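*Asks:* below: sequence and its predicted model.
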Amino acid sequence: MRILVVEDEAIVGRDIQASLARCGHTVKHVLQSGEAALEHLDNEVLPDLVVMDIGLAGAMDGIETGAAIRERHSVPVLFLSAMSDEATLNRAKEAGAYGYLLKPFNELELHSMVEVAAARHASEQKLKATSARHLGTLTSIANAVLATDLIGRITFLNPAAETITGWTAADAQGRYVHEVFKISYSSGEAVGVGDDPVGNTRSVMLTTRGGALLPIEDNTTPLRNSEGSLCGLVILFRLRGEDSDEDNAARTLETSTGDELTTWAQLAGMVTGIAAPIIAVDPQWKITYVNEPAGSLLHKPRRELFSVDFWSQFPKSAHSRY
């Protein structure tokens, strides 16, 4: 790797340079201040990694410099320091440290930490590329896509969803899903997001931001993170009858990879159900979402629980609020 060393003690800097060279890396520059490091990164070919002491010559210390590097460039920073106090460690974390190596250290420790920092950065870049590709797919498809966090606040609205709901992504961001995605049955009975079994497509009426009633089909699935934990919901919807003559072909699209096809059914299956009972509430403790296991636990149809006070579903002895 191409590595930039920032160390204000010249002898220590040369030792680090020599150690990294013995490990097969290239270190062309050893700088002594944060200001010099930033100027170098702004004007030269970016290195693969910056190895930087926290105590530096100049007005900026290593952590301030690392934060600036994170803001300006996508280059990982490995911090070196003789300080191990909690305050310094927390500052390093906030600056986006890819590693923290305490002085004095030996060559093997330095080599190992460099490899870990580089591997972590490569993994993050790969994840960002994958996320960007998926986001591009969800943004460009004709079907409307809405995503929420675990407590039902909207985190994503694609252009098709903006057109149907009348909400812009900026205005919808952070609002509770029932404020933007107001749905009911044709009879006028209110219905909550995810009231039907996970993965089922249903026909409902959507009240737009302007008050118009539109017939739509929606499909709600739980969203999981990379560890498999529930982190939100994805709602796929479209105007009822849209593309009905070309249901299989028109909803098939090619992703940016060029070799992978994503269909409506596959998008709905991108996330899977969860067996544990889940209830989401708004700040007033009104229920905004109940999954099927939670409905079974409370012995009530889920649609009857929508907008009901959470605490009213439990004995008064359980009404302890923390």
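*Replies:* Great, that's in hand. Residues are numbered from 1 along each chain as shown.

*Asks:* list the buried residues of the longest strand anywhere in the chain.
*Replies:* Ranked by residue count and defined by DSSP state E, the top strand of the chain is strand 213-224. Neighbour-count burial for strand 213-224 flags L214, I216, E217, D218, N219, T220, T221, P222, L223, R224 (criterion: 16 or more other CB atoms under 10 Å). Every C-beta, even on glycine, is put in place using the N, C-alpha and C of the backbone.

*Asks:* the fourth one contacts V191, correct?
*Replies:* Put plainly, it is D218. No. With contact defined as CB atoms under 8 Å, D218 does not reach V191; the gap is 9.7 Å.

*Asks:* quick one: neighbours of L150, just the number.
*Replies:* Per other CB atoms under 10 Å, the neighbour tally for L150 reads 16.

*Asks:* am I right that it is in contact with L230?
*Replies:* Yes. L150 lies in contact with L230 (CB under 8 Å); the separation is 6.5 Å.

*Asks:* given the longest strand of the chain, what are its sheet partners and their directions?
*Replies:* strand 201-207 (antiparallel), strand 230-239 (antiparallel) (DSSP bridges).

*Asks:* tabulate the ones you listed (CSV), appending distance to D171.
*Replies:* Formatted as CSV, these follow (distance: least, CB to CB, whole Å):
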stretch, distance to D171
strand 201-207, 16
strand 230-239, 17
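
*Asks:* dump the ones you listed into CSV; add mean pLDDT and mean neighbour count as well.
*Replies:* Supplementary listing: these in CSV, determined by pLDDT from 0 to 100; neighbours: other CB atoms under 10 Å:
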stretch, mean pLDDT, mean neighbour count
strand 201-207, 85, 17
strand 230-239, 85, 21
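
*Asks:* those: which one's closest to S33?
*Replies:* Nearest of the strands paired with strand 213-224 to S33, taken as CB to CB: strand 230-239 at 41.8 Å.

*Asks:* any low-confidence regions in the stretch 1-150 of the chain?
*Replies:* By pLDDT under 70, the weakly predicted segments of the stretch 1-150 of the chain are 129-142.

*Asks:* on that earlier part again, who wins for proximity to S81 among the strands paired with strand 213-224?
*Replies:* strand 230-239 (34.3 Å).

*Asks:* quick one: the strands in the stretch 1-150 of the chain?
*Replies:* Ranges of strands in the stretch 1-150 of the chain, per DSSP state E, counting those that start in this stretch, are 3-6, 30-31, 49-53, 77-81, 99-102, 144-149.

*Asks:* quick one: S317 and G228, what's the gap?
*Replies:* 34 Å (CB to CB, to the nearest Å).

*Asks:* compare these two (neighbour count), which wins?
*Replies:* Each of S317 and G228 has its neighbours counted (other CB under 10 Å); G228 has more, 9 against 6.

*Asks:* helices of this protein, start to end?
*Replies:* Taking DSSP state H to define them, one finds helices in the chain at 10-22, 34-43, 62-72, 86-94, 107-140, 159-165, 169-172, 177-180, 247-250, 264-268, 292-298, 302-305.

*Asks:* hang on, H40 packs against K28?
*Replies:* No. H40 lies out of contact with K28 (CB under 8 Å); the separation is 10.2 Å.

*Asks:* tell me which of those two has more neighbours.
*Replies:* A direct count of neighbours by other CB under 10 Å for H40 and K28 places H40 higher, at 17 against 12.

*Asks:* S203: what's it in contact with?
*Replies:* S186, P215, I216, E217, R240 (CB atoms under 8 Å, 6 or more residues apart in numbering).

*Asks:* doesn't F237 make contact with the fourth one?
*Replies:* Same thing as E217. Yes. If you go by CB under 8 Å, E217 and F237 touch, sitting 6.4 Å apart.

*Asks:* hmm, back to that, ok, so of the contacts of S203, who is nearest A68?
*Replies:* Nearest member of these to A68, counting by CB to CB, is I216, at 47.2 Å.

*Asks:* wait, that closest one touches L239, no?
*Replies:* Yes. Assessed by CB under 8 Å, I216 is found in contact with L239 at 5.8 Å.
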